[in-house]
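Novice: got a predicted structure plus its sequence, pasted below:
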Amino acid sequence: MHPRDEEIWRAIDWEAWFGCPEGARYLSPAGHEVTARAVAGLTGFFNSRWLPKAVLPSPAPGRASDTFVGLGRHAPVLQFMDGAAPGAWIEAVRWWAAYAYLEEAAVPGIASVKRDARCDVTLSRFLHSQTQARLALVGAAHGLRVELEPAKASGGPGDVRIGPVFIEVVTFAEDQKFQDYERFRKNVRAHLFALARGRDIYWEGDIPELLSGGDFETWKKRTEEAAQQCAVLEAAVDVLSSAGRRLTVHPGTAPQGTTLAGDTVESDQGRRHLSKVHGKCAKTAGAGTAWIWVEDHSGLFHFPTPFAEMSLAAKTNALADLLGPLLAEYVHVAGIVVSNTARRRLPLPPNEDALRPAAQGFRRGLPLDRVRETIMIPRRILLPEQTSLIARMCDAEANALDWALGKLGVPHGVASLLAASSTPQRVSPLWTP
């Protein structure tokens, strides 16, 4: 992090989020201009009080799981992996461009989305608003009339209308089990790095199972003793957790490939998804014919689960088997779409399609390093025009940002905003920031 960024990050505003110009050497002059516009635009859309509230845990009972755990990890200024900052910057610009275009075009309903985002400072609302804006932008880029918060036939607002397609959005945040262990894992890493600071030692092996209270304090004391013993004797020392997970402290410098592995967290994500989508289907009966769009941030696609390791075709089949029966139960639902951008990769992978008997899968790279996987499960035979429209949106989403930038007076798109040396061409491992 640039020294100036360490100072301005304490202010927790959008300027701090993007970072100072001196630290963003990956940007062209045009990119720096867009940063200034994005800072002003996001501040204006969410208001100046939103970001400080969003990055601080909520003290309210029952709200802790709906706060922005780790929101700062998406900030360009906090990207520590080599080559990650430009991709995080593009993603933040994507947020700004969607809201800026929709406001400039006076898209019906954008004022309601803005009001809800400001008043409900939770992770679930943020993901919901982001999905509404993204879908509306992609629809507009296809030349279709779009509307946010459209009226349902039975009264009350829906989420998005794109041409003839009425969409209700469902968002999934990370399961509480995943959130709890991720928070614990970060605390463990911070503790181990603090012990290694000033000593010629390094850690390797398994982070323990989730520990709390006195158990965690006992484990930390044992690691402190192990670190001291290793430094004095210049010999490896093991620390075993009560579940038998082995962590080893070694003398010297960590060789390439040294890892700290976390525990496997079990959660029935399939049942969780089915239950929530089932509820949404029931609630949308008064909307008339509707599509259910599931924006998944639960970890289903990128945690070390059997589902995440499946091929696109296998994922498409699995979700069709899980959610397809809901189309028979709820005749007003035209189809269900499940989408996710958990993975980041440079360079982007080639496009991939998986056309299966009951569903269709899409894998598309989005500028700069996002990989979106989308599975569409349509009702068979009925509404082929709507199915085709959604398929075209999934196919060409990567073009929407350049289109929006053009409408906002940035004619040469993403490529013009980055310095020539900011996009390394070597293949990097997938990472999830």
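Specialist: Cool, the structure landed.

Novice: what about Thr43, helix or strand, and which?
Specialist: helix 29-46 (DSSP states H and E).

Novice: meant to ask about Met376, not that
Specialist: With DSSP H and E as criterion, Met376 is part of strand 370-378.

Novice: which positions within the next helix or strand after that strand qualify as buried?
Specialist: Scanning forward in sequence from strand 370-378 by DSSP H and E, the next helix or strand is helix 384-396. Buried positions in helix 384-396, judged by neighbour count with 16 or more other Cβ atoms under 10 Å: 386-387, 389-391, 393-394. No exception for glycine: its C-beta is placed from N, CA and C like everyone else's.

Novice: what's the closest of the residues you listed to Ser298?
Specialist: For those, the minimum distance to Ser298 (Cβ to Cβ) is 19.8 Å, reached by Cys394.

Novice: C-alpha coordinates for the strand holding Met376, CSV please?
Specialist: This file holds the C-alpha atoms of strand 370-378, laid out as CSV (Å, rounded to 0.1, in the frame of the first residue of the first chain):
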residue,chain,number,x,y,z
ARG,A,370,-13.8,-11.8,-13.4
VAL,A,371,-15.2,-15.2,-14.5
ARG,A,372,-19.0,-15.4,-14.5
GLU,A,373,-20.8,-18.7,-14.6
THR,A,374,-24.5,-18.6,-15.3
ILE,A,375,-26.9,-21.5,-15.5
MET,A,376,-30.3,-20.9,-17.1
ILE,A,377,-33.2,-23.4,-16.4
PRO,A,378,-36.1,-22.4,-18.6
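
Novice: neighbouring contacts of it?
Specialist: 87, 91, 301, 312, 315-316, 319-320, 323-324, 327, 334-341, 343-345, 348-349, 358-366, 387, 390-391, 394, 397, 430 (Cβ atoms under 8 Å, 6 or more residues apart in numbering).

Novice: select only the buried ones of those in PyMOL?
Specialist: Per 16+ other Cβ under 10 Å, the buried members of the contacts of strand 370-378 correspond to this PyMOL selection:
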select buried, resi 87+91+301+312+315+316+319+320+323+324+327+334+335+336+337+338+339+340+341+343+344+345+348+359+360+361+362+363+364+365+366+387+390+391+394+397
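
Novice: avg pLDDT for stretch 398-408?
Specialist: Average pLDDT, stretch 398-408: 97.

Novice: err, stretch 220-233, not the other one
Specialist: 94.

Novice: how about that stretch: buried residues?
Specialist: 220, 223, 226-227, 230-231.

Novice: got a list of contacts for it?
Specialist: Contacts for stretch 220-233 (Cβ under 8 Å, 6+ apart): 191-192, 195-196, 199-201, 235-239, 247, 249-251.

Novice: most surrounded residue in these?
Specialist: For the contacts of stretch 220-233, the largest neighbour count, defined by other Cβ atoms under 10 Å, is 25 neighbours, found at Val249.

Novice: ok, now which ones touch it?
Specialist: 195, 201-204, 223, 226-227, 230, 236-237, 239.

Novice: the closest residue to it other than its chain neighbours: which element?
Specialist: Leaving aside its chain neighbours, Val249 sits nearest to Cys230 (4.5 Å; criterion: Cβ to Cβ, 6 or more residues apart in numbering). With elements taken from DSSP H and E, the one containing Cys230 is helix 213-233.

Novice: what strands line up against the helix or strand just after that helix, and which way round?
Specialist: Per DSSP H and E, the first helix or strand lying C-terminal to helix 213-233 is strand 237-240. Neighbouring strands of strand 237-240 in its sheet, by DSSP bridges, are strand 246-251 (antiparallel).

Novice: check which element follows the strand it pairs with along the chain.
Specialist: Taking DSSP H and E, what comes next after strand 246-251 is strand 260-261.

Novice: re earlier: of the buried residues of helix 384-396, which is the nearest to Leu148?
Specialist: Closest approach to Leu148 among these (Cβ to Cβ): Met393, at 15.7 Å.

Novice: find the nearest non-adjacent residue to that closest one, please.
Specialist: Val138 (5.0 Å).

Novice: now swap in Tyr330 and tell me
Specialist: Cys281 (4.2 Å).

Novice: assess the claim that the one you found and Val331 are in contact.
Specialist: No - Cys281 is beyond contact range of Val331, at 10.2 Å (criterion: Cβ atoms under 8 Å).

Novice: which one's more surrounded, the two?
Specialist: Cys281 (21 against 11).

Novice: now that one: which helix or strand?
Specialist: Cys281 is located in helix 269-283, with elements delineated by DSSP H and E.

Novice: look up how far Phe216 lies from Arg183.
Specialist: Arg183 is 12 Å from Phe216, where distance means Cβ to Cβ, to the nearest Å.

Novice: so where's the protein shaky on pLDDT?
Specialist: For the chain, the stretches flagged by pLDDT under 70 are 1-11, 56-72, 174-179, 262-269, 299, 302-305, 381, 421-433.

Novice: quick one: contacts for Pro411?
Specialist: Pro411 neighbours (Cβ under 8 Å, 6+ apart): Leu405.

Novice: try 6 Å this time
Specialist: Under the criterion of Cβ atoms under 6 Å, 6 or more residues apart in numbering, Pro411 has no neighbours.

Novice: let's verify it: helix, strand, or coil?
Specialist: coil (DSSP: H, G, I helix; E, B strand; the rest coil).

Novice: quick one on the thing from earlier: out of the buried residues of stretch 220-233, which comes closest to Arg271?
Specialist: Taking Cβ to Cβ as the measure, Arg271 lies nearest Lys220 of these, at 35.2 Å.
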